[in-house]
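Undergrad: Model the following, please.
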Amino acid sequence: MSAALASVLREKLERRAALVVPGAHDALSARIIESCGFEAIQVSGFGVAGSLLGAPDVGLLDMKEVLDQTERIVSSVKIPVMADIDTGGGNAINAAHVTEKLIRMGVAGVNIEDQVFPKRCGHMEGKQVIDAQEMAGKVRAMADVRRRLHTDLVINARTDSFAPHGIAEAIRRCRLYLRSGADMVFIDGIRSRLDIERALAEVDGLLSVNLMDAVTGVKTQLIPIPELARMGVARVSIPVASIMVCHHAMREFFTALQSSPTGLLAGETHRLSSFADYTAFVGLREYHKLEDEYLPMAAERVN
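TA: The predicted structure is shown next:
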């Protein structure tokens, strides 16, 4: 099943029809994204850092934490998942080792970037990049693992060179990474439609565009998805929305609760899902059926 999902993802990206791939920070957000009809998910490193550590995306997570959260997300959904391994866990040998772990857990694709370690979120200031040949070595090592394990894993090579070095250097790196075995490239922090059009014209391969939360755009000009599809963009990444939505909703709820004269929010049902809706979504009814089937002497439960 997992190998098939890699092929599914590859086929969708090769259409160059702006496949929208939202970021998920945990299994619940992944399941919600899937239930809303999206065809693929990526693990949001920004979101995982916020969810697990309550910290910014500046390289504080260790690779085990990243892989554990990725496996939970992969196991929770039936659509392709792209992992986010930041700079690959070290050198090319580390990146290859991590890639093998990802393939065995069933990821369909993986994002790796050419920042120095510790990295930082692509839309933060002060980014630095490693030598392009060093990054190319990581991509080659990952591609060799993919070939050895006979999988269709999609390797997305991200360059963060646009901010410090400009569009020409970013395009040069994209070409190199594609020649080294990447299937798709991503110029993080790219700013304008003209820059995107130039990249599409000069890069002979799949191009991903990051719209951050699809609302503010942050650094990249907001372009409607149908237009990006007509332009030939392969993937539209919306990586941080899930954690931003959670942060906003929870902060509003608990602020209102704290300021309530009664300490209650009676009747304000618009602020949250009902207990019945939530437990139905996470599969409590199916769990009860398993109890009835296999645990006939189970204690009575509240329905």
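Undergrad: From here on, just use CA atoms for contacts and neighbour counts.
TA: Noted.
Undergrad: Which elements pack onto whatever helix or strand residue 74 lives in?
TA: Using DSSP states H and E, residue 74 falls within helix 63-76. Packing partners of helix 63-76 (3 or more C-alpha pairs under 8 Å, 6 or more residues apart in numbering; DSSP states H and E): helix 27-35, helix 45-53, strand 81-84, helix 92-105.
Undergrad: so which of those gets nearest residue 284?
TA: helix 27-35 (13.9 Å; C-alpha to C-alpha).
Undergrad: packing partners for that closest one?
TA: Packed against helix 27-35, as judged by 3+ C-alpha pairs under 8 Å, 6+ apart, are the following elements: strand 19-24, strand 41-43, helix 63-76.
Undergrad: Out of the ones you listed, which gets nearest to residue 256?
TA: Among the helices and strands packed on helix 27-35, strand 19-24 sits nearest to residue 256 (C-alpha to C-alpha), with 26.5 Å.
Undergrad: quick revisit: could you single out the most deeply buried of the helices and strands packed on helix 27-35?
TA: Greatest average neighbour count among the helices and strands packed on helix 27-35 goes to strand 41-43 (a mean of 29), per mean count of other C-alpha atoms under 10 Å.
Undergrad: Now do the strands in the stretch 151-300 of the chain.
TA: 154-159, 184-187, 206-210, 235-238 (DSSP state E, counting those that start in this stretch).
Undergrad: Of those, which is nearest residue 113?
TA: Closest among those, using C-alpha to C-alpha: strand 154-159, at 4.5 Å.
Undergrad: by contact count, what packs against that closest one?
TA: helix 2-14, strand 109-113, helix 132-148, helix 167-179, strand 184-187.
Undergrad: Mean neighbour count, those: which tops it?
TA: Stretch with highest mean neighbour count among the helices and strands packed on strand 154-159: strand 184-187 (a mean of 27; mean count of other C-alpha under 10 Å).
Undergrad: what separates that strand from the chain centre, distance-wise?
TA: Centroid separation for strand 184-187 versus its chain: 14 Å, with C-alpha atoms, centre = their mean, to the nearest Å.
Undergrad: Which residue comes closest to residue 87 once chain neighbours are left out?
TA: residue 113 (5.1 Å; C-alpha to C-alpha, 6 or more residues apart in numbering).
Undergrad: The one you found and residue 106, how far apart?
TA: From residue 113 over to residue 106 the distance is 21 Å, taken as C-alpha to C-alpha, to the nearest Å.
Undergrad: Likewise for residue 247?
TA: Residue 247 is 29 Å from residue 106, by C-alpha to C-alpha.
Undergrad: okay, the two: which has more neighbours?
TA: residue 106 (23 against 13; other C-alpha atoms under 10 Å).
Undergrad: hang on, the earlier thing: could you give the mean pLDDT of the helix holding residue 74?
TA: For helix 63-76, mean pLDDT rounds to 97.
Undergrad: Only C-alpha atoms, please: export it in PDB.
TA: Output in PDB follows, covering the C-alpha atoms of helix 63-76 (Å, rounded to 0.1, in the frame of the first residue of the first chain):
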ATOM      1  CA  MET A  63      15.400  13.500  14.200                       C
ATOM      2  CA  LYS A  64      13.800  10.800  16.300                       C
ATOM      3  CA  GLU A  65      11.000  13.200  17.300                       C
ATOM      4  CA  VAL A  66      10.500  14.100  13.600                       C
ATOM      5  CA  LEU A  67      10.400  10.500  12.500                       C
ATOM      6  CA  ASP A  68       8.100   9.400  15.300                       C
ATOM      7  CA  GLN A  69       5.600  12.200  14.500                       C
ATOM      8  CA  THR A  70       5.900  11.400  10.800                       C
ATOM      9  CA  GLU A  71       5.000   7.800  11.400                       C
ATOM     10  CA  ARG A  72       2.000   8.700  13.500                       C
ATOM     11  CA  ILE A  73       0.800  10.900  10.600                       C
ATOM     12  CA  VAL A  74       1.400   8.300   7.900                       C
ATOM     13  CA  SER A  75      -0.500   5.700  10.000                       C
ATOM     14  CA  SER A  76      -3.500   8.000  10.500                       C
END
